[in-house]
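**Q** what shape does this take:
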Amino acid sequence: MTYFPTRTSLGQFSNSLYHVLDTKSFMKQFSQYSKDGDRHSMIEMVMQAEQASKLEITPLFNCKDNCKAQELYKNAQFTEALFAVTANTSLFFEIITTRIQHWFAIGSYIKCYKDCNYAMATLNTMTKSNVEVEDVRKYEAICVKMKNQCIKLLNKNKLKELNINNVEKLPKINGTSNKKLICCSDAVTFAHKIVRGRHLIATRNIKVGSVLIVDKPFAFSTDNQALLTNCLHCHISLESHENIKIPCLNCQSVCFCSENCCKEAWDNYHKYECSIFGNFMEISNHVKAADERSSSLLAYRTTVAKAINKQFCTLDLEFLDYQNAKCRNGEKSLEIDMDIDTYDPLDYRTVYSLETHCCEARPNINLVRAIKSVYLAKCLVYTLKKIQPCANETVDSQQIVLLAAAMMRHMQAINCNAYEIVENYRNETTKVWEPRNIGGAIYTSVSLVNHGCYPNIVRHSYPGGIVVVRSLRFIEKGSEILDCYGPHFIGDPLSDRQQYLKEVYNFICTCQSCIDDWKFPFSNEITLRCNFCGSAVDSIRSQCLSCLRKIDIHKLNNKLMKSVKNRVMATSKMYEGYYLEALTLLLDHGRLIDKILIAPCNEIIKTQQSTIQCYNSMGNICIKKC
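**A** Presented below is the predicted three-dimensional model:
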């Protein structure tokens, strides 16, 4: 990677300053502020250090390299050359039109069609003085000709499919949208209790497969390993035979699937991070366990989303007031009254209300976050001054403190509230869809859901960073909606689950699988459910153990065996790739066993895991090139 040489990176600054400040005298006062949850004072202590006060941010990114681009172009590495070349130059358009012709020559007509659209959009928005008028006409003629040829060769249905945006492909919420929780179904509602905190409960009986939440991310980030395989903005895979890779016009580090994604990313966040993006790509070995769950890029983008007046590219002074602990009016204006307010995941108040566990965090962890926050705050001010020098020349040290306090709040909230953005790919050997983490996001609606080691919902990522939440089994009216934060009774022993949840989320799980210490796999014995009161049935006496009604065991077993055959048939269809057909069978089977079986049992788990596999095939997926 081509970095600017003499500068201090985020990792270097964090490592160096941590060792300077990690002294008994410093930590005594800092620990008290940490215990009090006083971010403002923690940041001020870090800012008083000479290394922090004198820190000057300079560029750190993989800039364009025309010599490298020329060499790659000669070697027919057209995509790599396109990423390296300076945008809107003759060489840029020479490379892109050559790539267009290459796609057509090898029969990749969809890629050729998309590349023509990209090149034509770029030609229409470029500064004409960069390229001779005659050359512009030449490139436009090539694009028009190749696009028309692609249209003739592609069928109408495929062309229509290419013009459908990702939003139109999203699953819809079952029933009516919730008037208060705008990303949720009215089948759930908000509740709050001292022990459980904020949570969601069912307002009516919910069947398996119901879409309960379609949540938008307030902010999102892309993991390092996915920067060149997935679109930075919508996260779709760029490894398929249909998608093209489009570069950032300023750097070589990120890629997009379309001109639209490139523009939206630049306008909303990437222009505030591009020149310092190398900080988010380096690997630091310092206090690895202390802050490994906190994504610096996600915290930075969360801050960018609200801290900047996008119209003028200046700091939003109202936002800084929010972060001022001494300004009670600012903090009060961010409080949400769930009785009267609408809960919108794109409203910053929903982010501000997320639990941070600032007081409970170990002081050394808060120190790491405070140091990073100071650096990132200065990075943001640096980029603003670079974009609008005059408008941002008056940013003072107190504003940097408030900006850093916001960064720190967001890092802490991310640690216990962020979710993975997942891409599923099909293992052609096992025929199983396997997950791959490609990023992280803040979903404030989903964050209202508490954890259970035997969850009754399942989350799936969709293009655009959208997350869709479905019921995984029957949820009775009044029951709590339960997500899985990671530890699941199927793969994790009780002691490991409890330790992890206590360390990361500061609670002891009391779900059914923890209270009864379920151990998977279970025996093949099943417990039938009374269809009158829902209690367990004594199969020997053919009688409900609770209401004492006589139960037709033979009839229930026949129903079960017939339905199990459908579940086995669904497994075969999944193996062959017919997931929609399989899902229909599995949901029918799931509704039956919810009525006649009591958990835990192997049949329930097999059905739920197969259902998850079907949903894995319908969300954000990666189909590798042949």
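**Q** use CA for all of it now, contacts and neighbours both
**A** Fine.
**Q** what's the helix or strand where residue 83 lies packed up against?
**A** Applying DSSP states H and E as the criterion places residue 83 in helix 78-84. Counting by 3 or more C-alpha pairs under 8 Å, 6 or more residues apart in numbering; DSSP states H and E, the packing neighbours recorded for helix 78-84 are helix 66-74, helix 90-105, strand 246-247.
**Q** who's in contact with the last one?
**A** When contacts are defined by C-alpha atoms under 8 Å, 6 or more residues apart in numbering, strand 246-247 is touched by residues 82, 83, 254, 255, 256, 257, 258, 259, 262.
**Q** could you check the pLDDT of the last one?
**A** In this model, residue 262 is scored at 96, pLDDT.
**Q** what comes up buried for whatever helix or strand it lives in?
**A** In this structure, residue 262 sits in helix 259-268 according to DSSP H and E. Under the neighbour-count criterion of 16 or more other C-alpha atoms under 10 Å, helix 259-268 has 259, 261, 262, 263, 265, 266 buried.
**Q** now that helix: how far from the chain's centre is it?
**A** How far helix 259-268 lies from its chain's middle: 18 Å, per C-alpha atoms, centre = their mean, to the nearest Å.
**Q** following it, which helix or strand shows up next?
**A** For helix 259-268, the succeeding helix or strand toward the C-terminus, using DSSP H and E, is helix 296-307.
**Q** buried ones in that next one?
**A** In terms of neighbour count (16+ other C-alpha under 10 Å), helix 296-307 has its buried residues at 296, 297, 298, 299, 300, 301, 302, 303, 304, 305, 306, 307.
**Q** and if you look at stretch 243-263?
**A** Neighbour counts over stretch 243-263 (16+ other C-alpha under 10 Å) mark 243-259, 261-263 as buried.
**Q** and if you look at stretch 104-113?
**A** Using 16+ other C-alpha under 10 Å as the test for burial, stretch 104-113 gives 104, 108, 109, 110, 111, 112, 113.
**Q** what of stretch 170-180?
**A** 170, 172, 173, 174, 177, 178, 180.
**Q** do me a favour and get the end-to-end distance for that stretch?
**A** End-to-end span of stretch 170-180 (C-alpha to C-alpha, to the nearest Å): 21 Å.
**Q** quick one: contacts of that stretch?
**A** The contact list for stretch 170-180, computed with C-alpha under 8 Å, 6+ apart, reads 183-189, 210-214, 338, 341-343, 462, 468.
**Q** could you tell me which of those belong to strands?
**A** Those of these mapping onto strands are 188, 189, 211, 212, 213, 214, 462, 468, per DSSP state E.
**Q** ok, the third one touching residue 467?
**A** What that stands for is residue 211. No: at 10.8 Å, residue 211 does not count as touching residue 467 under the criterion of C-alpha atoms under 8 Å.
**Q** picking that back up, buried deepest among the helices and strands packed on helix 78-84, which one?
**A** The highest average neighbour count among those, using mean count of other C-alpha atoms under 10 Å, belongs to strand 246-247 at a mean of 24.
**Q** that one pairs with which strands?
**A** strand 255-256 (antiparallel) (DSSP bridges).
**Q** tell me the mean pLDDT over the strand it pairs with?
**A** On average, strand 255-256 scores 98.
**Q** in contact with residue 275, which residues?
**A** 59, 60, 61, 383.
**Q** 7 Å instead?
**A** Listed by C-alpha atoms under 7 Å, 6 or more residues apart in numbering, the contact set of residue 275 reads 59, 60, 61.
**Q** same thing with residue 316?
**A** Residues in contact with residue 316 (C-alpha under 7 Å, 6+ apart) are 307, 308, 309.
**Q** switch to 10 Å and redo it
**A** 304, 306, 307, 308, 309, 310 (C-alpha atoms under 10 Å, 6 or more residues apart in numbering).
**Q** need those in JSON lines with distance to residue 92 and pLDDT, can you?
**A** Listed next are the contacts of residue 316 as JSON lines, based on distance: C-alpha to C-alpha, whole Å; pLDDT from 0 to 100:
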{"residue": "304", "distance to residue 92": "31", "pLDDT": "98"}
{"residue": "306", "distance to residue 92": "35", "pLDDT": "95"}
{"residue": "307", "distance to residue 92": "35", "pLDDT": "96"}
{"residue": "308", "distance to residue 92": "32", "pLDDT": "95"}
{"residue": "309", "distance to residue 92": "33", "pLDDT": "92"}
{"residue": "310", "distance to residue 92": "29", "pLDDT": "90"}
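**Q** and this protein, what are its domain boundaries?
**A** According to automatic domain parsing, the chain is divided into the following domains: 486-518, 537-622.
**Q** average pLDDT across the shortest one?
**A** Regarding domain 486-518, the rounded mean pLDDT is 95.
**Q** that one: which residues count as buried?
**A** 487-489, 493-494, 497-498, 501, 505, 509, 513-514, 518.
**Q** as TSV, the residues you listed with secondary structure and distance to residue 68 would be great.
**A** Listed next are these as TSV, based on DSSP: H, G, I helix; E, B strand; the rest coil; distance: C-alpha to C-alpha, whole Å:
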residue	secondary structure	distance to residue 68
487	coil	47
488	coil	49
489	coil	52
493	coil	52
494	helix	54
497	helix	50
498	helix	52
501	helix	49
505	helix	47
509	coil	55
513	helix	58
514	helix	58
518	coil	59
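**Q** among those, which two are most distant?
**A** The most widely separated members of the buried residues of domain 486-518, counting by C-alpha to C-alpha, are 505 and 518 (21.8 Å).
**Q** how about TSV for the contacts of strand 246-247, with distance to residue 562 added?
**A** Below are the contacts of strand 246-247 laid out as TSV (distance: C-alpha to C-alpha, whole Å):
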residue	distance to residue 562
82	58
83	57
254	52
255	50
256	49
257	47
258	49
259	52
262	52
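**Q** quick check, nearest of those residues to residue 163?
**A** For these, the minimum distance to residue 163 (C-alpha to C-alpha) is 12.0 Å, reached by residue 258.
**Q** point out where the stretch 251-400 of the chain drops to low pLDDT.
**A** For the stretch 251-400 of the chain, the stretches with pLDDT under 70 are 283-294, 325-333.
**Q** next one: the chain
**A** Looking at the chain by pLDDT under 70, you get 1-6, 126-130, 164-168, 283-294, 325-333, 624-626.
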